[in-house]
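S.K.: Provided below for reference: sequence and predicted model.
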Amino acid sequence: MPEKNSGFTRVYKAFFYSMNGLTAAFRYEAAFRQEFIVALILLPLTIWLPVSHMERVIMVGTVMLVLIIELLNSGIEATVDRISEEHHELAGRAKDMGSAAVLLSLMLWAYVWSSFLFF
């Protein structure tokens, strides 16, 4: 059995695994690409918005949360598709629940941003 990485080596390798995941999501997942492009616009915009520091942190957090949940949803979908592309009720349920998580994160993002900007 090969020796497991530890310490700095583990962190170093984990960083590159994470970058591979982001690259794959950007390359193969249209929804992630779209959300990422919106994030590239919104995140710098928070610097110029007339909001408090805490509001800015929350606004950035909701944008990042959408990306995180989209990555998890894409991972679920890839795993389900890897197991079988044949329709199965549980596979469909897993994909639908992942999609619902993305929808809820988008709703949270819209609520938070509209609350801070318009109310």
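M.R.: Received the coordinates, thanks. As the structure is a computational prediction, the values presented were derived from the model and not from experiment.

S.K.: Could you verify my assumption that residue 33 touches residue 23?
M.R.: No - applying C-beta atoms under 8 Å, one finds residue 33 not in contact with residue 23, separated by 11.5 Å. C-betas here are computed from N, CA, C, even on glycine.

S.K.: neighbour-wise, which of the two wins?
M.R.: Per other C-beta atoms under 10 Å, whichever of residue 33 and residue 23 has more neighbours is residue 33, with 14 against 10.

S.K.: contacting residues around that one?
M.R.: Contact partners of residue 33, counting by C-beta atoms under 8 Å, 6 or more residues apart in numbering, are residue 26.

S.K.: Which helix or which strand is home to it?
M.R.: In the assignment (DSSP states H and E), residue 33 maps to helix 30-48.

S.K.: What of residue 110?
M.R.: Judged by DSSP H and E, residue 110 forms part of helix 89-118.

S.K.: Please apply the same query to residue 62.
M.R.: helix 53-83.

S.K.: And that helix, what does it pack against?
M.R.: helix 7-28, helix 30-48, helix 89-118 (3 or more C-beta pairs under 8 Å, 6 or more residues apart in numbering; DSSP states H and E).

S.K.: Just name whatever secondary elements the last one is in contact with.
M.R.: The helices and strands touching helix 89-118, judged by 3+ C-beta pairs under 8 Å, 6+ apart, are helix 53-83.
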